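Student: Here is a sequence with its predicted model. Questions after.
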Amino acid sequence: MSAVTEPLPVSAPKPLSDKQSPEHRRLANAIRALSMDAVEKAKSGHPGMPMGMADVATVLYANHLKFDPTAPEWPDRDRFVLSAGHGSMLLYSLLYLTGYPEMTIEQIKNFRQLGSITAGHPEYGHAPGVETTTGPLGQGLATAVGMALAERMLAARYGDTVVDHYTYVIAGDGCLMEGVSHEAISMAGHLKLAKLIVLWDDNEISIDGPTNLSVGDDQVARFQACGWNAIAIDGHDPAAIDAAITQAKSSEKPTLIACKTTIGYGAPTKAGTAASHGSPLGAGEIAETRKRLGWEHAPFEIPADILDTWRGYGAKGAATRAAWERRLGKLDAEKRAEFRRTSEGKLPKGWLDACAAYKAKLSADKPSIATRVASQNALDVLAGAIPELAGGSADLTGSNNTKAKAQAPVKPGAFGGAYIHYGVREHGMAAAMNGIALHKGLIPYGGTFLVFADYCRPSIRLSALMQQRVVYVFTHDSIGLGEDGPTHQPVETLASLRAIPNLWTLRPADAVETLEAWQMALARTDGPSVLALTRQNLPTLRTENFPENLSAKGGYVLLEAEGGERQATLIATGSEVAIAVEARKLLAAEGIRAAVVSMPCSQAFDMQTAKYRKTVLGPSRVPRIVVEAAIEFGWEKYIDGKGAFVGMKGFGASAPAPDLYKHFGITAEAVAEAAKKAL
């Protein structure tokens, strides 16, 4: 006989809150309805979080958030970051309801569809009102720390009359589980970023099920231990939500508001369960949810009176913005112009003149210095010419050489400086720099060792995806760092960074190229850049001054073959360009004509015309030898099967740098021998 299968017990529906006024309930239910209907139409998405946090979002937008849908780039708006980006329909619903012109009901209906601005996770640049790209959990929270820090730094420069806004975050359990959250909240607590307010969706549910499957942290105590004000409330009680936000705005510390909520609020069988987290509720469940919520309207239909109320919340920001414009107009004319310039991301007049004068001096002086030192010298020039530069390092200032002489440190309660001590928080630093860049008004750069780029990678990827001008100063870029050994020698890191779309990886060969690399990174407004810099000293190779930025094309002929057509092309980056120059001399002594190509940025080189690339690389019949103290991956397209690669084939070792170069065969003799074999 077959066994009789007993039906699974059905738990009673989660009770609805009795602490809500009819008006609030209808306003919040508009968010719930749009969210569950859009996810259902798309047949994918996360309805539970928007339904659970609808009450919190309604109070925030109705009573506290300073914004103007007609001017979404208004510099003194409050920033709202949906760190729990999987719940994107919460944000899209709010943007539609409050009247952002681009967020139409058709966009809501096209949630997660090709060509819509309502992507599965919020994407910066797709829709006005989306302050940052989120989805990788924890990134939004950590990015918001940078936004809050930028607000305080700019207020110190221009005054609270024109810079005075809050940064609000909705974060989920996953955001607080991610390691970057610890770096972020520790940094924010230390700096006392009191205008940062995090609303935690404490629904006790993750994709796998109840959060107690994997975590039992006391988050309130955790945040308090990091120097935060922390409050626990009922996330479905509008009065409690409003009181908590009001209290947070008067705190001298950043604030966590732990909002106890029911995921999928209102759903009869899926509320409070993982079933509402990452899948559509289903037509039957949605129909019953409508009945429970008293929402009798068709999908995507918002009654006129509810929409009018929401639009009124959006419209009230216009008067606030107009008052701000009047205050800005009272600023000293020079300071007002500087504020507008930096807010628009424009570089000041004269900065290129300062670079040109310094470059001429470098070619004349011919310093033999590490490119990390050359970078610091360049920063001394640049920081004077571009006051909005905001530097920092992950506790490696003296090694990264990232602090310009004129830069004062940023400290808790003293934000007038331009140098940020990020501590040993590489990931938090990278995310915060994204937030500083997104906020606008400052240009962030930060340093660590190149090998620790892996600690920063998720944020670097988002820099590239969001097309933000963030400069990563990564030193100790090869086996040339020597005795610290293979744990610190980044043999594979350059290749992995070059694989990230829209990220420029710049590896300059001398002090002149280092200055040019900085010029490239700062002039670029559509993406981030990495400067990979040496620990060891390098000779100046560019001894003839060229006004043109030769590095800007990514690669160029440093030395052409002499005595006839070239017979070999030696391609190198960074510290190995000097090795290629020596190899050229060895080949010339044997009657072989070789050209040396310096390629500080292969991504920029690949963007040049085919004609230019052919001129630099030489005819295809001419063998190309690439030398770099890293692995070969990525260089094959230049070698084209007719040349060779001289570099690393595995991890490094602990020894003085000169010994390592000999041990691994990265020498002028090895390059010359490879060229001869290719011929």
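Tutor: Good, I have the coordinates.
Student: Please make it C-alpha for all contacts and neighbour counts, starting now.
Tutor: Noted.
Student: which other residues reach the helix or strand harbouring Leu586?
Tutor: Using DSSP states H and E, Leu586 falls within helix 576-589. Under the criterion C-alpha atoms under 8 Å, 6 or more residues apart in numbering, residues 509, 538-539, 541, 559, 570-572, 593-598, 627-629, 667-669, 671-672 lie in contact with helix 576-589.
Student: Mind giving me the ChimeraX command for buried ones among those residues?
Tutor: Buried members of the contacts of helix 576-589, identified by 16 or more other C-alpha atoms under 10 Å, are gathered into one ChimeraX selection as follows:
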select :509,538,539,541,559,570,571,572,593,594,595,596,597,598,627,628,629,667,668,669,671,672
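Student: what ranges do the strands span in the stretch 151-300 of the chain?
Tutor: Here the stretch 151-300 of the chain has its strands, by DSSP state E, counting those that start in this stretch, at 167-171, 196-202, 205-206, 209-210, 229-234, 255-260.
Student: Would you mind giving those as CSV with mean neighbour count and mean pLDDT added?
Tutor: As requested, these are exported to CSV (neighbours: other C-alpha atoms under 10 Å; pLDDT from 0 to 100):
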stretch, mean neighbour count, mean pLDDT
strand 167-171, 24, 99
strand 196-202, 27, 99
strand 205-206, 22, 96
strand 209-210, 15, 96
strand 229-234, 19, 98
strand 255-260, 25, 98
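Student: TSV for those, including distance to Ser459?
Tutor: Output for the strands of the stretch 151-300 of the chain, formatted as TSV (distance: least, C-alpha to C-alpha, whole Å):
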stretch	distance to Ser459
strand 167-171	17
strand 196-202	20
strand 205-206	23
strand 209-210	28
strand 229-234	27
strand 255-260	23
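Student: Any idea which of those strands gets closest to Arg524?
Tutor: Closest to Arg524 of the strands of the stretch 151-300 of the chain is strand 167-171 (C-alpha to C-alpha; 26.9 Å).
Student: Partner strands of that closest one, with direction?
Tutor: Sheet pairing of strand 167-171 (DSSP bridges) gives strand 79-82 (parallel), strand 196-202 (parallel).
Student: any low-confidence regions in this structure?
Tutor: 1-11 (pLDDT under 70).
Student: cutoff 50 now
Tutor: Applying pLDDT under 50 to the chain flags residues 1-9.
Student: where do the helices sit along the stretch 501-650 of the chain?
Tutor: Ranges of helices in the stretch 501-650 of the chain, per DSSP state H, counting those that start in this stretch, are 511-523, 576-589, 602-606, 610-617, 636-639.
Student: So which of those helices has the densest surroundings on average?
Tutor: Comparing these by mean neighbour count (mean count of other C-alpha atoms under 10 Å), helix 511-523 comes out on top with a mean of 24.
Student: How about residues contacting it?
Tutor: Residues from elsewhere that reach helix 511-523 (C-alpha under 8 Å, 6+ apart): 347, 355, 359, 362-363, 367, 369-371, 374-375, 378, 469, 471, 506-508, 528-529, 531, 540, 542, 549-552, 600.
Student: Try it again at 7 Å.
Tutor: Contacts of helix 511-523 with the rest of the structure, by C-alpha atoms under 7 Å, 6 or more residues apart in numbering, involve 359, 362, 371, 374-375, 378, 471, 506, 508, 529, 540, 542, 549, 551-552.
Student: quick revisit: distance from the chain centre to the helix holding Leu586, please.
Tutor: A distance of 40 Å separates the centroid of the chain from that of helix 576-589, by C-alpha atoms, centre = their mean, to the nearest Å.
Student: And the helices in the stretch 251-400 of the chain, which stretches?
Tutor: 283-293, 304-315, 317-329, 333-343, 351-365, 371-385, 397-400.
Student: Which among these is found nearest to Ile257?
Tutor: helix 304-315 (22.7 Å).
Student: Now do the buried residues in the closest one.
Tutor: Buried-residue list, helix 304-315, by 16+ other C-alpha under 10 Å: 306-307, 309-311, 313-315.
Student: before we move on, the earlier item: hey, which of the helices of the stretch 251-400 of the chain is tucked in deepest?
Tutor: For these, the highest mean count by mean count of other C-alpha under 10 Å goes to helix 371-385, at a mean of 23.
Student: and it, what other elements does it pack with?
Tutor: In this structure, helix 371-385 packs against helix 511-523, with contacts taken as 3 or more C-alpha pairs under 7 Å, 6 or more residues apart in numbering; DSSP states H and E.
Student: go with 8 Å
Tutor: Here helix 371-385 touches helix 351-365, helix 511-523, going by 3 or more C-alpha pairs under 8 Å, 6 or more residues apart in numbering; DSSP states H and E.
Student: what inclination does the shortest one have with respect to helix 351-365?
Tutor: Orientation of helix 511-523 against helix 351-365 (axes from the mean of the first three to the mean of the last three C-alpha atoms, to 10 degrees) gives an angle of 170 degrees.
Student: now helix 511-523, how far from the chain's geometric center?
Tutor: With C-alpha atoms, centre = their mean, you get 21 Å for helix 511-523.
Student: How about stretch 309-326?
Tutor: Per C-alpha atoms, centre = their mean, the centroid offset for stretch 309-326 relative to its chain is 30 Å.
Student: ok, now stretch 395-411?
Tutor: 21 Å.
Student: Name the member of the buried residues of helix 304-315 with the shortest distance to Lys43.
Tutor: Nearest to Lys43 among the buried residues of helix 304-315, with distances taken as C-alpha to C-alpha, is Leu307, at 25.7 Å.
Student: Distance of that closest one relative to Tyr92?
Tutor: Distance of Leu307 to Tyr92, given as C-alpha to C-alpha, to the nearest Å: 14 Å.
Student: Return the set of buried residues in the strand or helix carrying Tyr661.
Tutor: Following DSSP H and E, one finds Tyr661 within helix 657-663. Within helix 657-663, the residues scored as buried using 16+ other C-alpha under 10 Å are 657, 660-661.
Student: Mind listing residues that contact that helix?
Tutor: So helix 657-663 is in contact with 479-483, 536, 652-653, 667, going by C-alpha under 8 Å, 6+ apart.
Student: ok, Ala552 - contacts?
Tutor: Contact analysis of Ala552 by C-alpha under 8 Å, 6+ apart lists 516-517, 520, 604.
Student: go with 10 Å
Tutor: Applying C-alpha atoms under 10 Å, 6 or more residues apart in numbering to Ala552 gives the contacts 513, 516-517, 519-521, 600-601, 604-605.
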